[in-house]
Each structure stands twice: as structure tokens, then as C-alpha cells.
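Novice: Need a 3D model of the sequence below.
(one chain, ligands or ions: 1)
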Amino acid sequence: MHARNGSSTPATLRHVLRLSDLEDGAWRRIVESAVLFRRAKRAGKSLNGLASGQVGAGKALGMVFFNPSLRTRTSMERAAQQLGATATTLTPGSGTWDLAWEDGAVMNGTEAEHVRDAIGVLSRYFDALGVRVFASGTDYEQDASDTLIRTVADAATVPVVNLESAWAHPCQAAADAAVLHDRFDGDVAGKKFVLSWTHHPKALPMAVPNSALRMAARCGMDVTIARPDTHALDASVVDTARKTASRNGGEVTQTSNLDAAVDGADVVYAKSWGGPLVYTDPEQEGAARTAATDWRITADRMARTRDGAFMHCLPVRRNVVVDDAVMDGRHALHLDQAEYRLHAQRALLEHVWG
Ligand code: CP
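Specialist: Next up is the predicted model:
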């Protein structure tokens, strides 16, 4: 196989663009390794003895963030360092050329470089690339096909790790799965996982809820998606999750009654998303979202759970998405999720480079 830039491309690059790129054995290894790394760190033990050697020694990770980040950027840089690798981060728009994305683009405007050339160049410098490129929010077909991250992967001659694309955030999902395995001591299947839409002043993308849903389904959890009827997730994403859950002994149901959904929950995972309506009727989506301020995770709602955990990928808007009482209470796992980003991505880089 030959890449467009003329260099030879291995037939099996270990791209991690979505959860399904990790077959069951790799998925289990990443989740279990992340839990081991975290427990070793808490016990004050060296992590080096647990890793499969310093698999990053002499290697270099290049990251391109087309959108802002706090956790993903810093945790990936630290994960690479822990494995003995270097990490370089680029933020297009502040010091690099504006990039064109369209195939066949006539580049006589502001874009000085095509993404295919930029990624081809970076592939010559680095042993893996991490890329964050969010949804357009205007082109549903493009976003649902994850066209931009796939364009990157197609141009790359080294493995590409998705650091959040239009439709998926596999690094977040791997960390979240490890948090759940840690909390329930591996006994995750069959636990009630509520993925709750929440009010938010902005229409947010669907990468995190898509991946949280896929993750919980893959763990064999009993998943309830609670959302207003105006904010259903993509039907094919839900359908795929339903089949995955069923294969793993779980199920996926949907409801527009948040109070009933959280009854007896083991986990409440809060996230806002714009949903398909953003693409077809943004005015109606905005009106529905604005009217739904009661879709907020409160202490009263957490009291209906089975001593359940609260999860959020962060960043979160306090007292809009979730009340202070929940964030600062004993049910909150959001800081564990953030910490687990480091452990899970370390394990993921071991998979990519192993
Ligand atoms: N959860 C998450 O991806 O955080 P950042 O956007 O800060 O990277």
C-alpha cells in the first residue's frame, strides 16, 4: 500500500479512531492496565515495573489540537513522558499555517497548506500522531462519518489517535471504563448506567455521549439514555450500542423522564449535546434547550440512585449541568475520570507502540 505522499505505509497501522478500532483483547488490556497503573500510583509504587518496558523510549508523539483542551493535551503529554517518549503539541491558528481540508481544493484563499501535506510531513517526524478536530455542527453527514479525522488517518503514515473528533472520543471512553472497573472492582456488567442529557447554554457536539454510550454497552451495562425527545442521539449509534450491549449481556433503553431514569442507578453520566436537530433546525433546537433548564443533576436526583456515582468528562458548567452539592459530594467521580485519562492513555500508547 502506498500513501498519497509517496512513502510506504504499513498495511496495519494501529489507528485508534473509535472504540471499535480496539478489538476485545486490546480493550481489556488497556482498561486493566489503566487500573493497575492507578493502583500502583496510589500505593506509591514505581509504574515502570508494570509497563511492558519503556515502549516509548526513543519515540516521539506529535499532537495537533484544532480545538481547545485542558485534560487531553496535558494527560497525553504526561503519558508519553511516562513511557520515555517526547511529546510535541501544535495548535493550528496560533503559529502554524491555516489548513485546507477539501479534496481538490483550489487554494487561492487564506489556507496556505493542505491537511494532507501537513499530516504527511508530521508523519515523517513522529512515531504516532494525536489529533483533536471537533464536529462542524453544520454538515451532519460529514460529522456522522467522522470525515475530518478519517482524512487525517488516510494521510498519515504513522498511527493516529483520536483526541476527540466529530463523532467519537475513545480516549475519554477508555478512561471512563477504567474508572468503572476500579469503582466496581471489575464487576461492571449489569450495573445501571444512566447517560443523562443536561441543559447547557451551547449546543455541544455528540462525540462524548456517543463514546460513553458505546463504552457502557461494551461493558455489558444496563444503559438508560435520558434526554428530551428533541435531543435523541443518532439512531444508528443507539442501534449499534444496543447490539453491543446485548452481545455483552446488557441492554440500552431510552426515556424522556430523567427522574424515573435515575431511580436505582449505579452511575449517572451527565453530558449535554445538541443532537441532530442542530443540523436541521438550530432555532428549534435552541428553543428546546433553553426551555430545559430543569435537566440538571441535583442532590435530590442523586438521592434516587442506588448510592450511585456521578460522572462527567469535564469541562462542566456548575449549577447549570450539575449542582455544586453533587460535584463536591461523595458521589462525584469527575476528578478520577480526569486522572484516569493519564493512565488509560499511557496504556493506549503502549498498545499503539507495542
Ligand atoms: N474531557 C476532555 O476531553 O477534556 P478537554 O476538552 O479539556 O481535553
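Novice: Show me what from the stretch 1-150 of the chain comes close to the ligand.
Specialist: Taking C-beta under 6 Å from any ligand atom as the contact definition, the stretch 1-150 of the chain meets the ligand at Ser69, Leu70, Arg71, Thr72. C-betas here are computed from N, CA, C, even on glycine.
Novice: Now do the same contact list for the second one.
Specialist: If I follow you right, that is Leu70. Neighbouring residues of Leu70 by C-beta atoms under 8 Å, 6 or more residues apart in numbering: Leu314, Pro315.
Novice: got the residue ranges for the helices in the stretch 101-250 of the chain?
Specialist: For the stretch 101-250 of the chain, the helices identified by DSSP state H, counting those that start in this stretch occupy 115-125, 140-144, 147-155, 170-183, 207-218, 235-247, in order along the chain.
Novice: what about the closest residue to Asn67 other than its chain neighbours, how many neighbours?
Specialist: Excluding its sequence neighbours, the residue lying closest to Asn67 (C-beta to C-beta, 6 or more residues apart in numbering) is Phe134, at 4.6 Å. Residues contacting Phe134 under the criterion other C-beta atoms under 10 Å number 17.
Novice: what sits against Phe134?
Specialist: With contact taken as C-beta under 8 Å, 6+ apart, Phe134 is in contact with Phe66, Asn67, Glu164, Ser165, Ala166, Pro205, Ala207.
Novice: Let me know whether the first one touches Arg132 as I believe.
Specialist: Which is Phe66. Yes. Between Phe66 and Arg132 there is a contact at 6.0 Å, judged by C-beta atoms under 8 Å.
Novice: Between the two, point out the one with more neighbours.
Specialist: Neighbour tally, Phe66 and Arg132, criterion other C-beta under 10 Å: the higher count belongs to Arg132, 24 against 20.
Novice: residue contacts, the spatially closest residue to the more buried one that is not a sequence neighbour?
Specialist: Counting by C-beta to C-beta, 6+ apart, Arg132 lies nearest to Leu163, which is 4.0 Å off, once chain neighbours are set aside. If a contact means C-beta under 8 Å, 6+ apart, then Leu163 has Met63, Phe65, Ser69, Thr72, Arg73, Met76, Gly130, Val131, Arg132, Cys171 as its contacts.
Novice: Could you report the distance from Leu163 to Val115?
Specialist: To Val115, Leu163 is 15 Å away according to C-beta to C-beta, to the nearest Å.
Novice: Report the contact partners of Arg39.
Specialist: For Arg39, the set of contacting residues under the criterion of C-beta under 8 Å, 6+ apart consists of Asp182.
Novice: Thought Thr240 was touching Asn210, still the case?
Specialist: No. Contact status for Asn210 versus Thr240: not in contact, 9.6 Å apart, counting by C-beta under 8 Å.
Novice: These two - which one has more neighbours?
Specialist: Ranked by neighbour count (other C-beta under 10 Å), Asn210 and Thr240 place Asn210 first, with 29 against 17.
Novice: quick one: the more buried one and Ala156, what's the gap?
Specialist: Separation of Asn210 from Ala156 (C-beta to C-beta) stands at 23 Å.
Novice: dump the residue contacts of the residue of the stretch 251-354 of the chain at minimum distance from the ligand.
Specialist: Among the residues of the stretch 251-354 of the chain, Cys313 lies closest to the ligand, at 3.9 Å counting by C-beta to the nearest ligand atom. Neighbour list for Cys313: His169, Gln172, Asp176, Val208, Ala212, Lys271, His334, Gln337 [criterion: C-beta under 8 Å, 6+ apart].
Novice: out of these, which is most surrounded?
Specialist: These, ranked by neighbours (other C-beta under 10 Å): first place Asp176, 29 neighbours.
Novice: Let me know the pLDDT of the residue nearest to Asn67.
Specialist: With respect to pLDDT, Phe134 scores 98.
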